[in-house]
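Enquirer: From the sequence below, what's the structure:
(one chain, ligands or ions: 2)
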Amino acid sequence: MNTEKPQREIEDGKRKYQNDDLVVYWDAKQCSHSGKCWQRLPKVFIPTETPWIKIDDATPEEIIEIIDLCPTDALKYELPQGSRVNPDIAQGPGSVNFIRKSSTEEVQINMVQDGPLVVKGQARIISPKGEILKESNRMVLCACGKSSTRPFCDGSHMR
Ligand code: SF4
Ligand code: FES
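Expert: Ligands and ions are numbered 1, 2, ... in the order given. Predicted coordinates:
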């Protein structure tokens, strides 16, 4: 039995949730509050409770499937040593070890009505000073101007 606490802050808004088979990371600063996680797996992702991720309330495979759908890098997972999860199903875009595809992959940007721009495909955000702000295949960009984490969406368009 794993003795580690189910939730632990690892740094500045980042949280770690762990059991014997799965480690889940959540980065509040990257969350666009799209709701994909709590709409699809409400028994695990409960924003009104603490800890808000109930890692023991679904199979690791179910949680992995949902994290792979997160449109940002807010949710990530990895398998701890000794995990009983088949490693082949833990290699999706939500894996901390996800291998990015070639940069020739087509990038698609979907506009959400009265909301953000959802970027699908490997892309890089460069600041006015030429610094790489983020490089990922999963990004949600603010189009309303209200986000406190611009250029990324933080869900403020819904308030
Ligand atoms: S961005 Fe990811 S973690 Fe945040 S609400 Fe959407 S699916 Fe959940
Ligand atoms: S579009 Fe989401 S905060 Fe601006």
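Enquirer: what residue ranges in this structure score low on pLDDT?
Expert: Residue ranges of the chain with pLDDT under 70: 1-7, 100-104.
Enquirer: Show me what the helix ranked longest in it is in contact with.
Expert: In the chain, with assignment by DSSP state H, the single longest helix is helix 60-67. Here helix 60-67 makes contact (CB atoms under 8 Å, 6 or more residues apart in numbering) with 19, 21-22, 24, 36-37, 40-41, 44-45, 55, 75-77, 83, 85, 89-90, 92, 94. Any C-beta I mention is one placed from the backbone N, CA and C, and that applies to glycine too.
Enquirer: Now, those residues that are in helices?
Expert: Of the contacts of helix 60-67, the ones assigned to helices by DSSP H are 36-37, 40.
Enquirer: From the contacts of helix 60-67, keep the buried residues only.
Expert: 19, 21-22, 24, 36-37, 41, 44-45, 55, 75-77, 83, 85, 90, 94 (16 or more other CB atoms under 10 Å).
Enquirer: Perfect, that will be all.
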